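Q: using only what follows, build the 3D model:
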Amino acid sequence: MKIIVAIKRVVDPYVKIRIKPDESGVETDNVKKTINPFDEIAIEEAVRIKEKYDNVEIILVSIGDDKAAESLRAGLALGADRAIHIKKSDESSSLCIAKILSKICEKEAPNLILLGKQSIDNDNNQVGQMLSVLLDYPCATFASKITLSENKVQVIREIDGGLETQEITMPGIVTTDLRLNEPRYASLPNIMQAKRKPLAIIAFEALDLSFVSTQKILSVKKPEQRSEGKILDSVSALVACLKDEAKVI
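A: Okay, here's the model as predicted:
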């Protein structure tokens, strides 16, 4: 079985975000970066599948500049077998990422493709679904439990008010949610071994893809400061406040 896991390098979730002075985006210079947390969960699930079944190969794919290789090495230290770095310096839209991944999947012919349900920087939640359309593969999203049986994948996903069970045939795509597992830490021996694992570098231009981005960030701003709360002494005062000040009734 061959599993492809797509990962993205993002600003560390524990770093305080700073907005650029011109409000064109988030400040990323000299900021600690790491693997997108949802993608770490996808890596962990792939490794658990490998530990449970024989003849499983895990391939990591990341799109980005030279520093994306650092995230790929970190993923290899967690248990992946090899990695593919699509070298692309500028920011990629969800459709661009999906098209790049479709090219890699056409070449590698994986049985299962795992992705985090979204990246914590853009929060688009689009790549898995777009990739499903491009490859004509079935897709199950927001997985909180994954079970394999022969050529099928059973996915339990959380929905409003309960759990939903879906079953897809392989090759297929699954996007992972937070409650699926708890990612492990890389051991020192695995970190050393990761340096010797294969990491292929492919230039974006070599994929023969061309398209025009249809998205543009107009501005990025901090959320408005909340006003201080009020303590009211009666229900009538609350109703008056909601009606006259908040104007919500």
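Q: what comes up buried for the strand ranked longest in the chain?
A: Looking across the chain with DSSP state E, the single longest strand is strand 139-149. Within strand 139-149, the residues that qualify as buried by neighbour count (16 or more other C-beta atoms under 10 Å) are 139-146, 148. Where C-beta positions appear, they are placed from N, C-alpha and C, glycine not excepted.
Q: check stretch 61-77 too.
A: Here stretch 61-77 shows 61-64, 68-69, 71-77 as buried, counting by 16+ other C-beta under 10 Å.
Q: taking these one by one, which sit in helices?
A: 68-69, 71-77 (DSSP state H).
Q: which residues does residue 62 bridge with?
A: Taking DSSP bridges as the rule, residue 62 bridges to residue 7, residue 85.
Q: scratch that, residue 114 is what I was asking about
A: Residues in beta-bridge contact with residue 114 (DSSP bridges): residue 5, residue 174.
Q: coming back round to it: just put the ones in helices among the buried residues of stretch 61-77 in CSV and tack on distance to residue 107.
A: Converted to CSV, these look like this (distance: C-beta to C-beta, whole Å):
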residue, distance to residue 107
68, 19
69, 20
71, 21
72, 17
73, 22
74, 24
75, 19
76, 20
77, 25
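Q: which stretches of the protein form helices?
A: With DSSP H as the criterion, the chain has helices spanning 37-52, 68-77, 94-108, 127-135, 188-194, 235-241.
Q: and of the ones in helices among the buried residues of stretch 61-77, the nearest to residue 224?
A: Minimum distance to residue 224 across these is 33.6 Å, recorded for residue 71 (C-beta to C-beta).
Q: among the buried residues of strand 139-149, which one sits closest to residue 240?
A: After measuring the buried residues of strand 139-149 against residue 240 - C-beta to C-beta - the closest member comes out as residue 142, at 42.6 Å.
Q: against which helices or strands is the longest strand of the chain packed?
A: helix 37-52, helix 127-135, strand 152-159, strand 162-169, strand 172-176 (3 or more C-beta pairs under 8 Å, 6 or more residues apart in numbering; DSSP states H and E).
Q: sorry, back to before: a markdown table for the helices of the chain, including distance to residue 162 and mean pLDDT?
A: Shown next, in a markdown table, are the helices of the chain (distance: least, C-beta to C-beta, whole Å; pLDDT from 0 to 100):
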| stretch | distance to residue 162 | mean pLDDT |
| --- | --- | --- |
| helix 37-52 | 21 | 95 |
| helix 68-77 | 33 | 94 |
| helix 94-108 | 29 | 92 |
| helix 127-135 | 22 | 94 |
| helix 188-194 | 38 | 93 |
| helix 235-241 | 34 | 89 |
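Q: looking at those, which is nearest to residue 165?
A: Taking those one by one with C-beta to C-beta, helix 37-52 is closest: 16.9 Å.
Q: quick one: that closest one to chain centroid distance?
A: With C-alpha atoms, centre = their mean, to the nearest Å as the basis, helix 37-52 stands 13 Å off its chain's centre.
Q: tell me the buried residues in it?
A: Under the neighbour-count rule (16+ other C-beta under 10 Å), helix 37-52 has 38-47, 49-50 buried.
Q: and if you look at stretch 8-18?
A: 8-11.
Q: next one: stretch 206-224
A: Result for stretch 206-224 [16+ other C-beta under 10 Å]: buried residues residue 207.
Q: dihedrals phi and psi, residue 196?
A: Torsion angles at residue 196 (phi, psi; degrees, to the nearest 10) stand at phi -100, psi 0.
Q: so what's the residue count around it?
A: 8 (other C-beta atoms under 10 Å).
Q: and it, what does it touch?
A: Listed by C-beta atoms under 8 Å, 6 or more residues apart in numbering, residue 196 has no contact partners.
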